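*Asks:* build the 3D model from these lines:
(2 chains)
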Amino acid sequence: MQWHLDGWDPDGGRAFASLRPENLELLDQDETWGPMVFIGPPSFRPEPIANASIALASSRAAAFQPRTPLDGRELAFPNADAVADFVRRAFTSRGAPRGGEGGANLEGGPREPPLGGDGAAFDDNEFMVPWRAAQNRLAKDEASGAEPVQFLVPIAPTDKRGITWPSVESGAAQLVAALASAYPGVDHPDVFDRWYPSALNLHRAVETLGLWSSWKRGERVLDLGPGWAFKDVAETVLGRYGLAMSYLPPRRTSATYFLALLLNQYPAYPVGTKDINDEYLNYLLLISSGVAVVNPGESAFLDNRLDVLYSLPLPFYAQDETGLRSAGELLMTFVSSPGRFVKSQPRTLDLVSFGAALLAANTEDRTAEGWRERSAQNWLASSMPRWVFRDDAEQWIRGAVMVKQMANA
Amino acid sequence: MAITDWSMALAAAADALAKRGTPRREYLDANIASVEQLLRGIGPDDTEPTDGAGACIVVNIAAKHVPGFCNLSANGDTHPYKNAYQLGRVTARREAVDDAVVEACRLHGVRIRKTEICFAALETNGTGIRFFGDMCLVLRERPPWLPEGQAPHQGGDFPLRELRVLERNSYDVSRAPVNTQVERAEVNGASFDDARAEHLCAWLGSWESDLIDMLATRIVQELPAAERRWTSGQIARAVLDDEDYCEVLYPESFAAKDLAEVRTSAADVAAEADITNRERSGEGAAAHELLWRDQRRDARRALQRAGIPVRVVTSHARRRGS
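*Replies:* Below you'll find the predicted structure:
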């Protein structure tokens, strides 16, 4: 016998499951059947249930479905822990889209993924190796409905010389380049007001990870290839208004300062004033050159970091590839359904790494090399799948089956 | 089996306890009076019910569903809260139990269609059936013994005298040991469905006239028969305890305007706070924990927009929070 769902609210993350023969109704329970458990948030740990009546009642007293699927062969699991992980992953997956994510429009950002530059040597991510290995074990064992998986491999890839890719910085630089490129101008306050909250959140998030400070001190910003360098982005923005970077002193940090100000400042003009972009951008350029005295807003506190991630739009290439809109949606979708990302661009997982690091950034040892990637790894270890399931169950986790069933209803 | 006279059932249960020698009958009678006071929402030295206290009808749903429920309510949907039939999630076997519930009601002289029953629960000051959801929706429906004018508006036009309560989960009719009795009755010539309906009929009572005796009958068999007074918390826990509860056959549906309040447990509030603390201290609250916390926040916001208070219940019969 295996474990089956006797009542499941996928969106609410609640389920009853029991050890029993497949495709039999819970009403027929006999003495040979095994125990029953309840699974629910926030722990998603199986709790024993004494009387199956509560499971039966769930399907008519709340948004529980009595069996999964409603018709056809039931999903089966090897143990209660696997059921719990299924319910937890489905809850996370279905909670990932919030609507209205990444409010800013990204017109003007780089369209091609960052495939060259420093990242050229890091074109594979061994973080997906455990997932692939578990899938292979599952393919070889026809009797198995699920295989355990552990993500102990660091999310930052390592090259042949043992150098670790700074994946968190890569994610941050991508988001900065994409959002700064989309600077909408300030002569349309309504458009600017949609872009600005995302920009401010991104600025604060990047600083929470200590990156603005590092870059402004003169640390070299990662080279992500053509179109992604901060200097290229600054020139793109200024070029739209007939301005040029040549106005700035030729320091390494000039473009970094300019982008930090662009994301972090708000124009002090009366609402509706037209044609103020030149003046505003010139002002930003001016204070960008005054590096010794300007240090705006780096200590801002992030209240709800997950909300912040949901406000950050993904670069074009990542939106096209994943069908997702924001860094928050990407992170939640990734940890619930990593199988969707097996063939992703190598730099997409850097965006995941950035989000994970932000959620666990208050680590004690922020001076050790690679602390950001370790923070990301630690956070992901608590959220990634503990079980890999067969395709039918993985489809349920993604929500595809339910959408289809409801469409047919 | 026939319709239960709950007054006689209570007297019989009390007599049976008294015959065992302990406790003294005075204690038993005083404790039964406490059950009535708690269900009516009357304090030990009061004569009138306290607003917001006493027996109530509750439905638990997960926080994730609350904004949708509020939106449907605001948009004038006829069934903002949807039962299994409205959601299209009924299996034939389980539907047969609903048929038996309908038949039991018919034996009680009440006509109700299975597709229109909201299976709610009876509660006092607790947070309902946590398995079904972390948000306990408390309906405005109030006991009929409130003086005229104090009884708030009821959602539908269903006459209160028609409201029926089962003193246990109706699915117990298909579980051990009752299912064995049902099968035995079938062997003796009764139809399976009739045998089920007969059992359910014996568990059924009227909200208006049977509730106190029904609950007192249940509670005297659960709480310790000692020469001590039961506490409000003990009685409240006996009304709805973990998996065990009384089923209320609420008609049709209800909307946000029909809610008196929404309750949430102190344990869940503590878990939320713990998640936020761990997030801020960098201990890395997991993805599912963060989502759950945010869904609860979104639920509270939706309820606030709908003008419904959310209260934290620290333990049964003990409320805190705004």
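*Asks:* the strands in the stretch 1-150 of chain B, which residues?
*Replies:* For the stretch 1-150 of chain B, the strands defined by DSSP state E, counting those that start in this stretch cover B:56-61, B:117-123, B:135-139.
*Asks:* looking at these, which is nearest to chain A?
*Replies:* Judged by Cβ to the nearest Cβ, the one of the strands of the stretch 1-150 of chain B that comes nearest to chain A is strand B:117-123, at 4.4 Å. In short, each C-beta sits where N, CA and C put it, glycine included.
*Asks:* may I have the closest one exported as PDB, CA atoms only?
*Replies:* What follows is strand B:117-123, C-alpha atoms only, in PDB (Å, rounded to 0.1, in the frame of the first residue of the first chain):
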ATOM      1  CA  ILE B 117     -26.200  22.900   3.000                       C
ATOM      2  CA  CYS B 118     -23.200  24.700   4.400                       C
ATOM      3  CA  PHE B 119     -21.700  22.200   6.900                       C
ATOM      4  CA  ALA B 120     -20.600  24.600   9.600                       C
ATOM      5  CA  ALA B 121     -19.600  24.000  13.200                       C
ATOM      6  CA  LEU B 122     -20.900  25.000  16.600                       C
ATOM      7  CA  GLU B 123     -18.400  27.000  18.600                       C
END
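*Asks:* show me the domain layout of chain B.
*Replies:* B:6-92+B:110-176+B:202-263, B:265-307 (automatic domain parsing).
*Asks:* circling back: mean pLDDT added to the strands of the stretch 1-150 of chain B, as JSON lines?
*Replies:* Converted to JSON lines, these look like this (pLDDT from 0 to 100):
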{"stretch": "strand B:56-61", "mean pLDDT": "95"}
{"stretch": "strand B:117-123", "mean pLDDT": "93"}
{"stretch": "strand B:135-139", "mean pLDDT": "95"}
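*Asks:* quick one, what contacts the residue nearest to B:Asp77 when sequence neighbours are not counted?
*Replies:* Once flanking residues are discounted, B:Asp77 sits nearest to B:Ala255: 7.7 Å by Cβ to Cβ, 6 or more residues apart in numbering or on different chains. Neighbour list for B:Ala255: B:Leu72, B:Ser73, B:Asp77, B:Pro80, B:Tyr81, B:Gly155 [criterion: Cβ atoms under 8 Å, 6 or more residues apart in numbering or on different chains].
*Asks:* please apply the same query to B:Glu186.
*Replies:* When contacts are counted by Cβ under 8 Å, 6+ apart, B:Glu186 touches B:Phe192, B:Ala195.
*Asks:* ok, now with 10 Å
*Replies:* Going by Cβ atoms under 10 Å, 6 or more residues apart in numbering or on different chains, B:Glu186 touches B:Phe192, B:Asp193, B:Asp194, B:Ala195, B:Arg196.
*Asks:* near the second one, how many other residues are there?
*Replies:* Here the number of neighbours of B:Asp193 (other Cβ atoms under 10 Å in any protein chain shown) works out to 15.
*Asks:* buried subset of the contacts of B:Ala255, written for PyMOL?
*Replies:* The buried subset of the contacts of B:Ala255, as determined by 16 or more other Cβ atoms under 10 Å in any protein chain shown, is captured in PyMOL by this line:
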select buried, chain B and resi 72+73+80+81+155
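*Asks:* many thanks, we can stop here.
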